[in-house]
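*Asks:* give me a model of this one.
(2 chains)
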Amino acid sequence: MRKVTRIIVMAVMLCFAFAAVLSGCGSKAGQEAAGTTEPAAASTAAASSVEETSKPKDVKFSFWANAAEQKNFEFAVAGIEKKYPDVKVILQGYPTSDEFWAAVPTAIAAGVGPDVIGFSDEGNSDYMVNGVLEPLDDLISQVGMDKGKFVPTLLNGWTYDGKLYGIPYDTSTSMLCINADMWAKAGLKDYPKTMDELKTAAKALTKGEVKGICINLFNFHITQYTHAFGGDWGNGATIDTKENAAGLQFIADLFKEGLAITPQQLSASWDGEAFAKGKAAISTGGPWYIGYTKDANKDMKMVGVPIPMAAMQAQSAYSHGLSITKMSQNKPGAMKLIDYMTRDEAQNAEIESVGYVPSVQSLIPNYIKSAPDYMKTIMDNMAVNGKAFAYPPETKGFDADLTKGMQDICLKSNSKLTVEQLLKDLQEKYGPKK
Amino acid sequence: MFNAIKKLRKEKYSEWITGYIFIAPIIILMTVWFYYPLINAFITSFYDANITKMNGMEFVGLANYINVLKDGEFYNSLKISFIMVIVAVPLQLIVSLVLAAVLHTIINAKTFFRTVYYLPYVTSTVAVTTIFMYLFSQGGIASKIFVKFGLPDTSWHFDVNMALPFMIILCVWTYVGFYVVAYMAGMQSIPEELYEAGTVDGANFIQKFLYITVPMLKPTTTLVLLSGTIYVLQFFDQPYAMAKGGALGSPAGATSTAVIFVYNQAFKLYHIGYGSAAAFVIFTLILIITVVQKFIIEREEA
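*Replies:* Numbering: from 1, shown residues only, chains lettered A, B, ... in the order given. As a prediction, this is how the structure comes out:
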């Protein structure tokens, strides 16, 4: 019997060991796998304030970031305990947006999601419409935040049904990125102002293995062309229009004529990589190209110009922002975190550390001062011609189908799909239901 | 006498208890990570469950199953998976059988070669896929070799026509080592007398291979066919890695295998109920194919 008892004790211990491993996987280990960090400054300082003041309550902030962006977020939250001693920040960073979108919505649905999420207004419709996010209007007045300091057009991207669901922490826009050396080598002079000039330039720049234009076939890049041709997705209401068809057809023709290529065809993970490697002379991009190309190819001379026009001059105006989840148990604390993260000091720091354009109107000149000269033209153009993406509420599904359809049209030599048919199908699936 | 029976019972009882206690950890793990999610997914497949909607789940009966069976993209993904089964499974069977036969005849360094062939099977699929993508990229070594056979110099993984052959090559290369080891184990159990009798009867190497080795390896071939079909129908990691975080199934749905379709629906588009229903349709198909294959093979053996 002693032998049996010994075996039972051993097996029970084994079970406990497994249980411990499992619980480890579920909490701390899981967070580490997701890149979770608790910034030393925020946590230690906040911990010391526990005894002095009331016990600080956790505010979990989830986002995706590369190494530089992670540091930027760490700086943005550092020292919060001095202004808000009742807030203790837990940073939960994901290395890619893909991992963020795979994990965070599931966690929210399971009731264990973060209090604050940082993401782009390109994909916020689903969450505003379906009640995942908390309207911020009342909370803003509670912390005494001045929302009037932000670029007004950016707030539009975070507004649904008259309520504000997010505070922008940067200003993002689109531009045409050109490899200036290749441009000069091809004997080209003025940078393109119209889509026809762009096509002519692409022909001159396509030589051997180098293509004139790199187009990553997904919604951001495709929309640059539909906007230029006077199109607009209209939140799903105006998908099937002749303007959008003209934009898509222009892209399709560039591929059929061998002037455009996708970054994946060049074995690059994104358009910036293909551009920085000199495999394509032009790409639609944004201010994030500046820092990236500087790091990836320091010898490269890049120039940014406004997106050429066809029917109209248009340029995307959008932002990354901070929203509070409906399930948050500490909404006032979450709002305090947002207020703290969008203070002037953090906004100015992000110019230096990650090359972001601030979302606070009065600080944009600080960015212009440190940015390449052409960025003034880009920012001025955005102020006049800035346009929201206005994707349909089911943005992810729309993007997936638009991408698949355009890949079919542009990359298949025997594709039976036309841009008109694609837009008709998308309208039926993602347009307002009658 | 009575005491002896009592002692025997006690021993049996203690063995019984010991056995269950030792399998308890795996039962707990399987319950938490497999059976609970399986049952939960089955229940979810009858609901309109979208994790971006906070208004709960709505019971829709068989609607998800009906919609899956009407979905053209689902059939496209099944088509891709079945093409892979039809091409990759026989290919890996033939290649592994031939390699195993050759290795069986080698006297020196057999273990070395067995390890070399088994290595791809235990190597990270993401790492293998990434390396293959470099080899088969435009201007890559493998692409250049195939150019000599009249194929275009292109990045195979993102070419509408070459992406599927790329996945098949990747699939065969990954699993062939496992089957080589399985066949070699099977060959070792074939009695040497049969080959000696064959030699006496004047059979050459190929005849001995065809009339002794192949028939005697039927149980291993059954394993290769069944597990090969299941593995290929569950092909996921490689096309996921090929997307590099972009649109899954690219280009134009050419790499959208059945499991990629399920993942896309459930975890990219957040149609959890719909994705669960698609998963159970695929599960049923795999089950039917496996049972039919087994039935045919057993009937032939009988």
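
*Asks:* quick check, A:Lys211 in contact with A:Lys277.
*Replies:* No. Counting by Cβ atoms under 8 Å, A:Lys277 is not a contact partner of A:Lys211; they are 11.9 Å apart. (C-beta placed from N, C-alpha, C; glycine too.)

*Asks:* those two - which one has more neighbours?
*Replies:* Applying other Cβ atoms under 10 Å in any protein chain shown to A:Lys211 and A:Lys277 shows that A:Lys211 carries more neighbours, namely 25 against 16.

*Asks:* and the more buried one, what does it touch?
*Replies:* By Cβ atoms under 8 Å, 6 or more residues apart in numbering or on different chains, A:Lys211 lies in contact with A:Ala202, A:Leu205, A:Gly258, A:Leu259, A:Ala260, A:Ile261, A:Lys279, A:Ala280, A:Ala281.

*Asks:* most neighbours out of those residues, which is it?
*Replies:* Within those, neighbour counts (other Cβ under 10 Å) peak at A:Ala280, which reaches 29 neighbours.

*Asks:* that one and A:Glu209 touch, don't they?
*Replies:* No. With contact defined as Cβ under 8 Å, A:Ala280 does not count as touching A:Glu209 (10.0 Å).

*Asks:* how does the chain divide up, domain by domain?
*Replies:* No chain specified, so I'll use chain A. Split into domains by automatic domain parsing, chain A comes to A:33-171+A:319-342, A:173-317+A:380-430.

*Asks:* oops, wrong one, chain B.
*Replies:* When chain B is parsed with automatic domain parsing, its domains come out as B:2-44, B:66-301.

*Asks:* does the longest one reach chain A?
*Replies:* Right, the one you point to is domain B:66-301. Yes. Applying Cβ under 8 Å from any Cβ of the partner chain, one finds that domain B:66-301 is in contact with chain A at B:133-134, B:137-140, B:154-155, B:157-160, B:244-247, B:249-253, B:264, B:267-270.

*Asks:* just the endpoints, please. Distance across that domain?
*Replies:* Terminal residues of domain B:66-301 are spaced 39 Å apart (Cα to Cα, to the nearest Å).

*Asks:* next one: it to chain centre, how far?
*Replies:* Computed by Cα atoms, centre = their mean, to the nearest Å, the chain-centroid distance of domain B:66-301 equals 7 Å.

*Asks:* mind listing what B:Ala252 touches?
*Replies:* A:Lys404, A:Gln407, A:Asp408, A:Leu411, A:Lys412, A:Ser415, B:Val160.

*Asks:* within the helices and strands, which one has the first one?
*Replies:* By that I understand A:Lys404. Using DSSP states H and E, A:Lys404 falls within helix A:395-411.

*Asks:* so what secondary structure elements neighbour that helix?
*Replies:* Contact here means 3 or more Cβ pairs under 8 Å, 6 or more residues apart in numbering or on different chains; DSSP states H and E; on that basis helix A:395-411 packs against helix A:125-129, helix A:219-228, helix A:242-256, helix A:419-430.

*Asks:* mind redoing it with 6 Å?
*Replies:* Counting contacts by 3 or more Cβ pairs under 6 Å, 6 or more residues apart in numbering or on different chains; DSSP states H and E, helix A:395-411 is packed against helix A:242-256.

*Asks:* the helix it packs on near chain B anywhere?
*Replies:* No. Judged by Cβ under 6 Å from any Cβ of the partner chain, helix A:242-256 makes no contact with chain B; its nearest approach is 11.6 Å.
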